[in-house]
Each structure stands twice: as structure tokens, then as C-alpha cells.
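**Student:** Build me a structure from this.
(chains A and B)
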Amino acid sequence: MATTRVRFCPSPTGAPHVGMVRTALFNWAYARHTGGVFVFRVEDTDAARDSEESYLQLLDAMRWLGLDWDEGVEVGGPHAPYRQSQRMDLYDDAVLRLLRAGHVYESFSTPEEVEARHVAAGRPPKLGYDGFDRDLTAAQRAAYRAEGRRPVLRVRMPDEDVAFDDLVRGPVVFKAGSAPDFAITRGDGSPLYTLTNPLDDALMGITHVLRGEDLLSSTPRQIVLYRALIDLGIAAGTPRFGHLPYVMGEGNKKLSKRDPQSNLFHHRDRGFLPEGLVNYLALLGWAIAPDRDVFTAQELVEAFDVRDVNVNPARFDLKKAEAINAAHMRRLAPEDMARRVVPYLHASGLVAETDFDALPVRWQQVLVAAAPLVSQRMTLLGEAPGMLGFFFAPDDAVPIEPAALAQLGPDARSVLEASLAALTVLGDAAGPGGAEAGWTASGIHDVLNAALVEGLGLKPRNAFTPLRVAVTGRRVSPPLFESMALLGRDASIRRVERLVVLPELG
RNA sequence: GCCCCCAUCGUCUAGUGGCCUAGGACACCGCCCUUUCACGGCGGCGGCACCGGUUCGAAUCCGGUUGGGGGUACCA
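**Tutor:** Below you'll find the model as predicted:
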């Protein structure tokens, strides 16, 4: 059996779109699942809309998500180059052969003329090209050229139904005459997507075309072009097509490029894990099992088959995406989590370094130790600064939320004073001879519990909330005693002392 | 206008004629756990668009209706 060859072939226009990424993901997963080849080609034939910046973003997106490709831009391969802007001679050659064989013809009609003919004949104006130039004589063509007109080349559509078996939708039939003869070049001779996409697929031996549903109705045209390419010996056969459901936004519309949620990098900036996004995107139109929806890319690859892809459009649901991401967050090993959090800490100005390895060892240790405390409390890495910021702030400058202060009762000061008295008797660390007196989470808990809950008869909630505010500045924080243990004895005590004397207190 | 696709809880989905008085997840609401917030556990809310057929039997098959979406470019 021939090797499966699939491709991802975006146009570099604008920022990477989550719908586009989902298409890339399914192609990648299918290639990996079948042991096939994943080709990454860039379709930059529209100079007016394409940009180098967008091309770079595409690479960035694919690499970030871990969607590696076997052939294509940057890595090369037997069918290089993989940017269509560098393949123009190939297109020119194919166009010539198509024209000589009579599969395409020169068309001089302007859109305005076509429309005028429809109107004159009492037809709706927007019917599409009418085949007017199909059988122009050489003399007529010469006359048009003499007027200064430059023709586009059109493919003759057959007067018969075009059918194919869609990998996700099953049999699809387009009625004869429903697609007009279509252009494959512009008037200046430059090739259009309608030519370059199927031609490159043929040239690159693509066996399975998995793409968005928006291209479903262009499939009969591509099949007809493919027949011509087969006739010319350029294509070995027609690929199998599979049309993936849309990714929808709010309302019932395709997720718009204008919507920030459509931008992959928007989600990365907020702190999505690539694992989380890959997992969530795979859920849009596919399911790994009836009762499970958290899985790794590897598990996706093992289970993925295009034939299992759903036909319905799927709405991008940020809440669900975040929940999936949170599940992956909890799976991260402490050091892994610590490393990933650093860029977000840096972005918030909490640390000067952008990279974990550049951090002072003391802070590396704090981060790794704090990771397990916060991993199940975070949905996105972007929450890390809020969650961990108090570790990095100077003791006398920990920001204290007004709301956190406001919730404290009138006895907060006395609670803090009692805490101080209890804490100061605690040693620096758990000594070999006196474990109960060490500055550890359990040591701190025991001594505080004895002083406040048992001693003063306070409810745990009332006893520990003032301390939490003193140490972290917030009403919500990582576990208090573990945080104090990590922060260290001196820093913890200084922070409590600071709050005690704060005039705003009670 | 014409062509094509689609239709299960609010959302993502499982379901390919009997295992379905329709399963899971997110969201939401209770309760439990608990030093906050979470995690976790338990429970609840909530759906086969409609009408006909086929069949002993239909969410599943067929036809239609309605409702969405896409295409109909010298964009991709």
C-alpha cells in the first residue's frame, strides 16, 4: 500500500487562526497515525495579501504546537521549493501543456461583460461565467488581443455530474452545470489558487486532502482539473478528499479573523499550554472515546482517523478549552511547570529574567517548590503572576488587595499579634532534635493552630485569614502554611509585623 | 436564483435499528472534603428541530418541511 501523503498548505495572511490550526492538527495526526508523510507547503501566490511576518508566525505556531513536518518549508524535501511564490516556472509549464492539450481556453470576457450578458438574457446577474469564450476562433482571439485584452485561462467543465466520496461526509454529488468554467490564471498570466493548489498536490504526490468545509464546493472543479493533469501525465491519480467541519465563533458564524479568540497567539499569550490547545482543538469534530476528553498528542495520534471526524460545525468554547488546559496544567511535573511560568512572570515585571535557567537559584527553588501548590489552582499560565507574585515582592512592598483588607474583622490585629508570638518561638528549620519546633508547613500549622484555634478559640477561617492577607496580600492564595514555609521565617514574620502596624487595619 | 453541506442537553460530543426511560465532558446549581481558592467526590438541571414513511422495533434508514452554514471571484 502506498504511503499516505497529506499536507497543510496555508496562505500567509494574518495571524494564525485556530480553525486553520485545527486543520493542520488533523492532517498531522492523520499522517502520524498512518505512518505517512506530512508536507507543509505555503501558498503565497497573492502578493497583495501575503506577508513575511505572517509566514514567520505560521512557523512559530506549528513549532509551538509540536506539529512537526517531514517535507516542506525550512526543512526542504524531494519536491522543493515548498513556497508557491518560488514555483512559478512549474506553473507556467503546466499552464502551457494544459492549453496545448485543449483542457483550458483563453477567456477575454470581463466580469462586467459576463454580467451584462446575463441581464440582457433575462437571467440573474450573479450566475457566474457563461462560457462565452469557449469556442473562440483564432481570429477572434487575435482581435481581442489587438484591443489590448489579456485573457485568463479557464478550465472546461464537463456537462455531467461530478461525484466523489468524501472521507468525512460520504458520497457527494454535484449536478452537471452547477460550476462554471473557472479561471486558473490572472490576465497577467500569474497562476491562481485554483491551479496551484491541485497542481502542487499532484506534483507532491498528495494522497489525502483534508481541509476546511469551505472548500467543499470547489472540489468538483479540482477533480476536473485533476483529470486533465492525469491526462497529461502530471498527476498519478486523484487524491481522496475529506472536508473538516467549521470552527464557529459566537452566534452561528465562522470564527472571524477579527475575533481575538480566533488568534492562536492570543491564547498562547493568556497562558494556554500547547498540550491543552492541541487537546481542545482535537475535540472540535472528533472524540477519542465516549467518556474521555483529556488526552495527549501521542494518544491523539494513536487513535485518530479522519473517518471518525464529525460532520457538524463546532463552536469554539473558551470555557471548555480552559478546563481542558487546566487538566493538562495539573499533569505538569513541578519543574516543567516552573519553567513554563517564567515568561509570564517576566511579562508581569516580577522577574527580570525571561528564562528559568537565568533565574537566581533561590528563585528557581521557590518556583519548583511552589509549582505543586498552584498547579491545581490555575487554568492558564497567565495566572501565575497573580498566584506567585508575593514570593517575589519585597516584604515591605507586597501589594495588599483592598478587598482582602476590608474583609478582616476587628480582631485581626490581636490575631496577628498572637500569631507573631507563636511564630517567633519557632526555629529556622526543623532541627534534628526538635522537629516540632521547625519552620516547616506542619510545624507552622501546629504552632498557629495551638495558639489561635485552641488558645483563642477562633474558627480556623477567622484565625488564618489575617495571616493569609499579611503574607500574600490576597484573599485567595496558595496554601498558607506551605507558602510561609517556602517564604522563610524572617520574611514571613516581617510581613506579619508589617500588617500589624498598618493603620488601615481594623 | 442555482449548487453543496449540516441538524442529539446552553456548548463540545457518544450513539451507525433493539444494549437508549439517550452516555460523557464543559458550564450552571446543591452537598461533602477543607486554613482561602482550588483539586477531588456525590447529586441535580438539561437534548434526539418538525412531519410523514420503512420496520415487530428508529436518535439511528428513506422522503419532505423548517432552520442554519458555505459556494457561485482574474481571493485562498
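
**Student:** Excluding chain neighbours, what is closest to A:Thr185?
**Tutor:** A:Leu153 (4.6 Å; CB to CB, 6 or more residues apart in numbering). Every residue, glycine included, has its C-beta placed from N, CA and C.

**Student:** quick one: that neighbour and A:Phe182 touch, right?
**Tutor:** No - assessed by CB atoms under 8 Å, A:Leu153 is found out of contact with A:Phe182, at 9.8 Å.

**Student:** mind checking how far A:Gly170 is from A:Arg227?
**Tutor:** As judged by CB to CB, to the nearest Å, A:Gly170 and A:Arg227 stand 22 Å apart.

**Student:** who's more crowded, these two?
**Tutor:** Using other CB atoms under 10 Å, the more surrounded residue of A:Gly170 and A:Arg227 is A:Arg227, with 16 against 9.

**Student:** confidence score at the more buried one?
**Tutor:** Here, the pLDDT recorded for A:Arg227 equals 96.

**Student:** Which element, helix or strand, includes it?
**Tutor:** helix A:219-231 (DSSP states H and E).

**Student:** Next up, the contacts around A:Pro399.
**Tutor:** Going by CB atoms under 8 Å, 6 or more residues apart in numbering, A:Pro399 touches A:389, A:393, A:473.

**Student:** Can you report phi and psi for A:Leu153?
**Tutor:** Main-chain torsions, A:Leu153, degrees, to the nearest 10: phi -100, psi 130.

**Student:** RNA strand B contacts on the stretch 101-250 of chain A?
**Tutor:** Residues of the stretch 101-250 of chain A lying near RNA strand B by CB under 7 Å from any atom of the strand: A:110-111, A:124, A:126-129, A:150, A:152, A:169-170, A:172-175, A:178-180, A:182-183, A:186-188, A:192-194, A:197, A:213-218, A:245-246, A:248.

**Student:** Now that we have these, which of them are buried?
**Tutor:** A:129, A:152, A:169, A:172, A:174, A:179-180, A:182-183, A:192-194, A:197, A:213, A:216, A:218, A:245-246, A:248 (16 or more other CB atoms under 10 Å).

**Student:** Quick check: which ranges of the stretch 101-250 of chain A have low pLDDT?
**Tutor:** For the stretch 101-250 of chain A, no stretch has pLDDT under 70.

**Student:** what are the ranges of the helices in it?
**Tutor:** Ranges of helices within the stretch 101-250 of chain A are A:111-120, A:138-146, A:193-203, A:219-231, based on DSSP state H, counting those that start in this stretch.

**Student:** what's the average pLDDT for stretch A:37-55?
**Tutor:** Mean pLDDT, stretch A:37-55: 92.

**Student:** buried residues in that stretch?
**Tutor:** For stretch A:37-55, the neighbour count (16+ other CB under 10 Å) marks A:37-45, A:50, A:54-55 as buried.

**Student:** How far does that stretch stretch from one end to the other?
**Tutor:** The first and last residues of stretch A:37-55 sit 21 Å apart, counting by CA to CA, to the nearest Å.

**Student:** circling back to that earlier point, burial measure for the residue nearest to A:Thr185, as a count.
**Tutor:** 23.

**Student:** Run through the stretch 351-500 of chain A and note the low-pLDDT ranges.
**Tutor:** Confidence mapping of the stretch 351-500 of chain A against pLDDT under 70 gives the ranges A:428-437.

**Student:** right, is stretch A:47-56 up against RNA strand B?
**Tutor:** Yes - for stretch A:47-56, a contact with RNA strand B is found by CB under 7 Å from any atom of the strand, at A:Arg49.

**Student:** what does that stretch contact?
**Tutor:** With CB under 8 Å, 6+ apart, stretch A:47-56 has contacts from A:11-15, A:42, A:44, A:73, A:83, A:85.

**Student:** Spatially, which two of those residues are the most separated?
**Tutor:** Across the contacts of stretch A:47-56, the longest distance by CB to CB is 19.8 Å; it joins A:Ala15 and A:Ser85.

**Student:** Do any residues in the helix or strand containing A:Gln365 lie close to RNA strand B?
**Tutor:** Per DSSP H and E: A:Gln365 is located in helix A:361-374. No - with CB under 7 Å from any atom of the strand as the criterion, RNA strand B is not reached by helix A:361-374; the gap is at least 7.8 Å.

**Student:** what comes up buried for that helix?
**Tutor:** Those would be A:363-364, A:366-374, for helix A:361-374 by 16+ other CB under 10 Å.

**Student:** now do stretch A:334-342
**Tutor:** Across stretch A:334-342, burial judged by 16+ other CB under 10 Å covers A:337-342.

**Student:** which residue packs closest to the residue positioned nearest the centre of chain A, ignoring adjacent ones?
**Tutor:** What sits nearest the mean C-alpha location of chain A, by CA atoms, centre = their mean, is A:Leu264, with 4.0 Å. The shortest distance from A:Leu264 to any non-neighbouring residue, by CB to CB, 6+ apart, is to A:Pro16 (4.3 Å).

**Student:** A:Leu99 too?
**Tutor:** Nearest to A:Leu99 is A:Leu153, by CB to CB, 6+ apart, at 6.4 Å.
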